[in-house]
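Visitor: what's the 3D shape of this:
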Amino acid sequence: MSDAKARVARTTPYSVLVEAGKNYLWCACGRSQTQPFCDGSHKGTGFKPVKYTAEKKEWVWFCGCKQTGTPPLCDGTHKSLT
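Guide: Numbering: from 1, shown residues only. So this is what the prediction gives:
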């Protein structure tokens with residue numbers, strides 16, 4: 001991964017109803033137009049999307065600020081951003 005920080009896509013998490021057994025590619029760079037998921041906008045940045053496989057159908061909170069310590073899930077880091 002690049003030493004540069006990812007762009008903050010938004011300062012709140014994305015609530016997504018995931019489907020059991022489905023793979024999701026979370027945008028780690030913050031540049032995607034299809035947040036919180038990857039659209040390939042990271043190319044040339046050194047960032048790579050993070051794969052998330054849903055174990056069951058449930059609501060998941062994907063990080064929107066891209067600064068989480070537990071990618072791709074929100075850990076509350078957005079609360080400390082200014």
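Visitor: just for the chain, where's the confidence low?
Guide: Applying pLDDT under 70 to the chain picks out residues 1-3, 82.
Visitor: how about the strands of it, start to end?
Guide: With strands called from DSSP state E, the chain shows them at 14-18, 23-26, 50-53, 58-62.
Visitor: Quick one: residues contacting Arg7.
Guide: Cys29, Gly30, Arg31, Lys66 (Cβ atoms under 8 Å, 6 or more residues apart in numbering). In this view, the C-beta of every residue, glycine as well, is placed from N, C-alpha and C.
Visitor: now those in JSON lines, with distance to Ala20 and neighbour count?
Guide: Conversion of these to JSON lines gives the following (distance: Cβ to Cβ, whole Å; neighbours: other Cβ atoms under 10 Å):
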{"residue": "Cys29", "distance to Ala20": "28", "neighbour count": "22"}
{"residue": "Gly30", "distance to Ala20": "28", "neighbour count": "22"}
{"residue": "Arg31", "distance to Ala20": "29", "neighbour count": "19"}
{"residue": "Lys66", "distance to Ala20": "26", "neighbour count": "25"}
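Visitor: on that earlier part again, right, and the strands of the chain - which one's nearest Asp39?
Guide: Proximity to Asp39 (Cβ to Cβ) singles out strand 23-26 among those, at 9.2 Å.
Visitor: before we move on, the earlier item: out of the strands of the chain, deepest packed?
Guide: strand 23-26 (a mean of 17; mean count of other Cβ atoms under 10 Å).
Visitor: elements contacting it?
Guide: Contacts defined by 3 or more Cβ pairs under 8 Å, 6 or more residues apart in numbering; DSSP states H and E place strand 23-26 against strand 50-53.
Visitor: and the strand it packs on, how far out from the chain's middle?
Guide: Per Cα atoms, centre = their mean, to the nearest Å, the displacement of strand 50-53 from the mean C-alpha position of its chain is 9 Å.
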